[in-house]
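Novice: I need the structure of the sequence given here:
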Amino acid sequence: MERVNIPEIFGSLVFGDKVMKERLSEEVYASLKKTIDENVRLDDTVADAVAEEMKNWAIENGATHYTHWFQPLTGITAEKHDSFISPSGDGGIIMEFSGKELIKGEPDASSFPSGGIRATFEARGYTAWDPTSYAFIKDNTLCIPTAFCSYSGEALDKKTPLLRSMQAVNRQAKRILKLFGNEVKYVRTNVGPEQEYFLIDQELWNKRPDLKYTGRTLFGAMPPKGQEMDDHYFGVIKPRVREFMADLDNELWKLGILAKTEHNEVAPAQHELAPIYSTTNVATDANQLTMEIMKKVASRHGLVCLLHEKPFAGVNGSGKHNNWSIETDKGVNLLSPGKTPSENAQFLLFLCAVIQAVDDYQDLLRLATATASNDLRLGANEAPPAIISIFLGDELTSVLDAIREDRPYEGTEDVVLKLGVHSLPRFSRDTTDRNRTSPFAFTGNKFEFRSLGSSNSIACCNIMLNSAVSESLRQYADELEGAEDFETALHALIKRVITEHQRILFDGNGYGEEWIREATEVRGLSNLRTTADAMPHLLDEKNMQMLITHKVFTESELHSRCEIMLENYIKTVNIEGLTMVDMVRKNYLPAIENYLYRLSETIYRMRQVSDNVKCKYEVSTMERLSELTDFIMDAVIDLENALAEFKTIGDVFKSSEFVRDSLIPKMDKLRIYVDEAEMLCSQRDWPFPSYGQLLFSVN
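Specialist: Modelled structure (predicted):
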């Protein structure tokens, strides 16, 4: 690809701060900036001025339409396009866009998931401009990030609760900072989401119905080589993939998305993209855009980008690491321990807030990552277990132990790594080594939540994390604001929190069976293995009370989200089950039958030549394939019966339990038989591309 001038193209399709400063009057810019930074209500006259300049800028950059770009509960984005044209009196047109059109849209809400939050006849919904996330141009359309609500004002999207949760953090964190004598305008959470994905050849993808319908392979025997050599991880990026990555970077940079790091991941055909941190709301919008653009750019290169959490059994799945921190308007990272964390009481208090939040609301963090696809990934060797725990590293663990035990902190010496080569520099070992088995790890000045699936919106986990931390901070502020001796009360509070929430801290191997026993039987941590196990806890009294108290959700919004997420789970698995039946009956069984016929023809012809021909290979293969055919037939009938029974269950909670306990085990059983048959049949007769072809086809 030709070289690009990165500073020149970066943000060129974004109506960002630089553009607004150039095009808006000082008064309008100052007013809008105050709304963005300090959450002040927007003036309608300001909206008209912004709309006019936004339209002019968009048209100058090739836009013909505008859309309110929003994030309904489907997990992807939505948009309805309107052109800028309006009729003029002389039979021509003029290009118009008003403040009213900028602020509010009225898309039909009837076909989006609502979980019963609106009646069928209440089709109307509203989209409301979110000025904290910049407008951008995509496909010659001005895209305006918006919130989405029902006719009665209930949130029908992921952005609205996320913004509410950020407000909650801002409110409570400012109370805490004031106690330390720090007055700030606002406190925000920041996120940098790492994104894993697979790239496969588009022609091969077109030949796999399971990939088309479900995003993953429902059948497939392992090839002779998988990821066991660890030669793909951080390996040289193949030319075709390199071209894709370069093209992707350019597209993301134009949209002001801070794409930074890219490399090969562990599994064959797997890769990762990581951005620089940004405000949680902006990072969420950017990640949704990133996933969309990854698929679009892949298609230009004859590739398909797979964002499913487990597209291939037997190799690593894909996750999304949510790197989360808290920052003031002055650029102070409240999770930065400084050089002497033991003496940094403000840092320790915010650290305690996170520790308590994760312990008190471990079920909310788990269910925020729960989907049918992510259930396939969690607990495998590439992902943390379903049990939520926190890794802090040696130094912070030692600091907290000293506080808990009321003894002086003796400190830890920097360990200088000597590499044995004089020309190489010496450097100190980090005291917060990244425990890859921990779902929630402290990594220097932030927490890395590693349980998210690659296709998940990062809004869900950040809503829960922001809200839970806000609750911890609220409790601390209530206690400390009334204290007679702040220093004494602060020390007692930190010691109590560390002592009471010690169970959530774990620095060992999260994959071991002994940890599962210790976590559940000794420590009393929850192990919510599936979506069906996790999602109902959204409606637990303690969780509802906390989320409602901080005005993140209403009661009806919580009930609707629980129903929507469980419906998504059962519908996903139902589609997978139906796809399996379709592939087995229409393709796999006929393919095996064809091969059996060819084997029988071979045996017959060979024995026509000589009665002494034993045909061991042909006969033994026929016998096992014939047996497998019977097993496959029995298993597919069993699955069909379960799918029929599933349709009769009306209650979403009972349906999810049936999916977990009946449908999925029957699907797993069917797959085992078909995958064995694949190993016995000839490649010529097998109807679909193999794992080997899919995983090793992109050069």
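
Novice: can I assume Asp685 sits in a strand?
Specialist: No: Asp685: not assigned to a strand; according to DSSP: H, G, I helix; E, B strand; the rest coil it is coil.

Novice: Contacts only, for the closest residue to Trp205 other than its chain neighbours.
Specialist: Take Trp205 and drop its neighbours on the chain: the residue closest to it by Cβ to Cβ, 6 or more residues apart in numbering is Val304, 4.2 Å away. Where C-beta positions appear, they are placed from N, C-alpha and C, glycine not excepted. Applying Cβ atoms under 8 Å, 6 or more residues apart in numbering to Val304 gives the contacts 199-202, 205, 211, 295, 298.

Novice: Beta-bridge partners for the closest residue to Glu96 other than its chain neighbours, please?
Specialist: Spatial nearest neighbour of Glu96, excluding adjacent residues (Cβ to Cβ, 6+ apart): Ser86 at 4.4 Å. Note on Ser86: beta-bridge partners by DSSP bridges are Ile94.

Novice: Counting neighbours, what do you get for Ser86?
Specialist: Ser86: 11 surrounding residues under other Cβ atoms under 10 Å.

Novice: Low-confidence bits of the stretch 401-550 of the chain, can you list those?
Specialist: 409-436 (pLDDT under 70).

Novice: Show the buried residues in the contacts of Val304.
Specialist: Taking 16 or more other Cβ atoms under 10 Å as the criterion, what is buried in the contacts of Val304 is 199-201, 205, 211, 298.

Novice: so the residue nearest to Trp205 bridges to which residues?
Specialist: The partner residues for Val304, given DSSP bridges, come to Ile200.

Novice: Pull the contacting residues for the nearest residue to Met222 once chain neighbours are set aside.
Specialist: Nearest residue to Met222 in three dimensions, chain neighbours excluded: Gly314, at 4.6 Å (Cβ to Cβ, 6+ apart). Gly314 makes contact with 222, 226, 691 under the criterion Cβ under 8 Å, 6+ apart.

Novice: where does the first one land on pLDDT?
Specialist: Reported pLDDT at Met222 in the predicted model: 92.

Novice: Tell me how many other residues surround the residue nearest to Phe136 when sequence neighbours are not counted.
Specialist: Spatial nearest neighbour of Phe136, excluding adjacent residues (Cβ to Cβ, 6+ apart): Val14 at 4.8 Å. If you count neighbours by other Cβ under 10 Å, Val14 ends up with 20.

Novice: For the longest helix along the chain, buried residues please.
Specialist: Ranked by residue count and defined by DSSP state H, the top helix of the chain is helix 616-647. Buried residues in helix 616-647, counting neighbours by 16+ other Cβ under 10 Å, are found at 618, 621-622, 625, 628-629, 631-632, 635-636, 639-640, 642-643, 646.

Novice: By pLDDT, give me the weakest of those.
Specialist: In terms of pLDDT, Glu618 ranks lowest among these, with 90.

Novice: Please report the distance of that one from Glu627.
Specialist: Distance, Glu618 to Glu627, using Cβ to Cβ, to the nearest Å: 15 Å.

Novice: picking up where we left off before, return the closest of the buried residues of helix 616-647 with respect to Glu541.
Specialist: Nearest to Glu541, judged by Cβ to Cβ, of the buried residues of helix 616-647 is Phe646 at 30.2 Å.

Novice: List the residues that contact that closest one.
Specialist: Counting by Cβ under 8 Å, 6+ apart, Phe646 touches 570, 574, 655, 658-659, 662-663.

Novice: try Arg175
Specialist: 473-474, 477, 481.

Novice: Quick check on the residue nearest the centre of the chain: phi, psi?
Specialist: In the chain, the residue lying closest to the centroid (Cα atoms, centre = their mean) is Asn456, at 3.0 Å. The phi/psi pair for Asn456 (degrees, to the nearest 10) reads phi -70, psi 150.
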